[in-house]
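J.: this is a predicted model, with the sequence first.
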Amino acid sequence: MLMETEPGMLACNKYDVLLPNRPAMNVAVTLEDPMCESVAAQFGRNSRADHCGLVFVSGLLDGPAHPIFWIVREGTLLLFGRQADPVLTEELKQVVAKLLGVFFREVRGLVPELSLFPPAIGNENLEKV
């Protein structure tokens with residue numbers, strides 16, 4: 001079930017994640033309204049994204065301190081992290097990819113084409129801004 005949204009968001013949800021040999025972490029994912037004047041929506045428009053949002057990761061000492069931007073452009077999922085944040089581990093990238101897949105299915109009533117999208121994140125698809 002999706003959470004209540006804040007202005008500028010079309011949808012959001014929070015997930016509790018347990019990984020082996022790691023502390024519990026929380027991951028929140030948003031789908032932004034492209035017409036809104038939020039930083040995420042503006043980033044999406046400037047990136048010529050079909051859809052965009054944010055991923056917030058908390059509870060990891062070596063995780064990002066800032067939200068991760070996600071965009072879908074021409075059928076490709078791209079993640080953009082902040083230069084000040086550590087590089088995402090392969091483990092965290094895979095967690096984010098799986099949770100984006102879950103989230104995309106949850107928002108299929110708003111954006112049906114996202115639910116058909118098989119998210120996969122490779123090294124070449126994580127950029128720093």
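T.: It's in.

J.: going forward, measure contacts between C-alpha atoms and count neighbours the same way
T.: Fine.

J.: now the most centrally placed residue in the chain: which helix or strand?
T.: The C-alpha lying nearest the average C-alpha coordinate of the chain belongs to residue 55 (C-alpha atoms, centre = their mean; 3.6 Å). According to DSSP states H and E, residue 55 maps onto strand 51-58.

J.: residues touching that strand, excluding its own?
T.: Contacts to strand 51-58, defined as C-alpha atoms under 8 Å, 6 or more residues apart in numbering, come from residues 25-32, 34, 40-41, 44, 63-73, 96.

J.: put the buried members of those into a PyMOL selection.
T.: Restricted to buried positions by 16 or more other C-alpha atoms under 10 Å, the PyMOL selection for these reads:
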select buried, resi 25+27+28+29+30+31+32+34+40+41+44+63+64+65+66+67+68+69+70+71+72+96
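
J.: what about this structure, any weak spots by pLDDT?
T.: 1-7, 118-129 (pLDDT under 70).

J.: run the chain-centre distance for the lengthiest helix in it.
T.: The longest helix of the chain (DSSP state H) is helix 90-106. Centroid displacement of helix 90-106 relative to its chain, using C-alpha atoms, centre = their mean, to the nearest Å, is 8 Å.
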